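> Need coordinates for the below:
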Amino acid sequence: MPRGASVSAHSLQQLQTVLGYHFVQTAQIGCALTHRSFGEPNNERLEFLGDSILNCVIAAALFHRFPDIGEGALSRLRAKLVRQEGLHEVAQRIGLGEMLRLGEGERKSGGQRRPSILADALEAVFAAVFLDGGFAAARTVIERLYAPQLENLQPDEESVKDAKSRLQEWLQGRHQPRPEYVLLEVIGEAHAQTFIAACRVSAFDLTVQGEGSSRRAAEQEAARAALDILLERADGK
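Presented below is the predicted three-dimensional model:
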């Protein structure tokens, strides 16, 4: 196995336990746990594959779980689970950050806790399971890890709306102007970029930043953070 694809026995055993899956070949999972800052091979290509597998599995799970809701609501529920925030929640719960191999600088700056890195790595793990054991194995792992979110997911109006929509409605309900979104920075190479956006709510003199793997994702994170702050302020009055 190439040096860059190796993974410690402890990390492998820990991961296999939380996944409920035993790898036959470990090269792919080694790549999945390797950030580009550590070297080659790394998890960037696996992340691409894992994203598609995750979307398919979650879409099927929602289709069967909620037979009476329409396409638009199903799409929003899926987005709620597969976006960076949902992936980050799962990755944190299984302790994925401590298993990752990061470059020294990335680790010192807290990369093992960064939502974008953890989300990408989890998608790569799903791809590694798929390549090692097939789609059925990947589906079982994803459904196992997402079980808590699926159990708590309710297709009511608030749960299916995205953060930007909820923030805008909250402001409109108070007769305030819409929030403004500005793209502040794009970090990284074209195939692995991190977007940083700001959400400004002028009526409340509030500006909050968010980051994501796309401009839309970054704006959603910023909107979510802004709404949380505004709701907290309102509750404190």
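
> tell me the pLDDT at residue 236?
The model reports residue 236 with a pLDDT of 65.

> how about the helices in this protein?
9-19, 27-32, 44-65, 71-82, 84-93, 104-108, 115-133, 135-152, 157-160, 163-172, 215-236 (DSSP state H).

> Out of the ones you listed, which gets nearest to residue 184?
helix 215-236 (8.6 Å; Cβ to Cβ). Glycine gets a C-beta too; all of them are placed from N, C-alpha and C.

> And for the closest one, what's in contact with it?
If you take Cβ atoms under 8 Å, 6 or more residues apart in numbering as the criterion, helix 215-236 is touched by 83-85, 162-164, 166-167, 170, 179, 181, 183, 195-199, 201, 204, 206, 208-212.

> thinking again about what came up before, which of the helices of the chain has the lowest mean pLDDT?
Across these, helix 157-160 gives the lowest mean pLDDT, at a mean of 53.

> before we move on, back to that, could you dump the helices of the chain to JSON lines with distance to residue 190?
Listed next are the helices of the chain as JSON lines, based on distance: least, Cβ to Cβ, whole Å:
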{"stretch": "helix 9-19", "distance to residue 190": "30"}
{"stretch": "helix 27-32", "distance to residue 190": "20"}
{"stretch": "helix 44-65", "distance to residue 190": "11"}
{"stretch": "helix 71-82", "distance to residue 190": "22"}
{"stretch": "helix 84-93", "distance to residue 190": "19"}
{"stretch": "helix 104-108", "distance to residue 190": "19"}
{"stretch": "helix 115-133", "distance to residue 190": "15"}
{"stretch": "helix 135-152", "distance to residue 190": "27"}
{"stretch": "helix 157-160", "distance to residue 190": "32"}
{"stretch": "helix 163-172", "distance to residue 190": "25"}
{"stretch": "helix 215-236", "distance to residue 190": "14"}
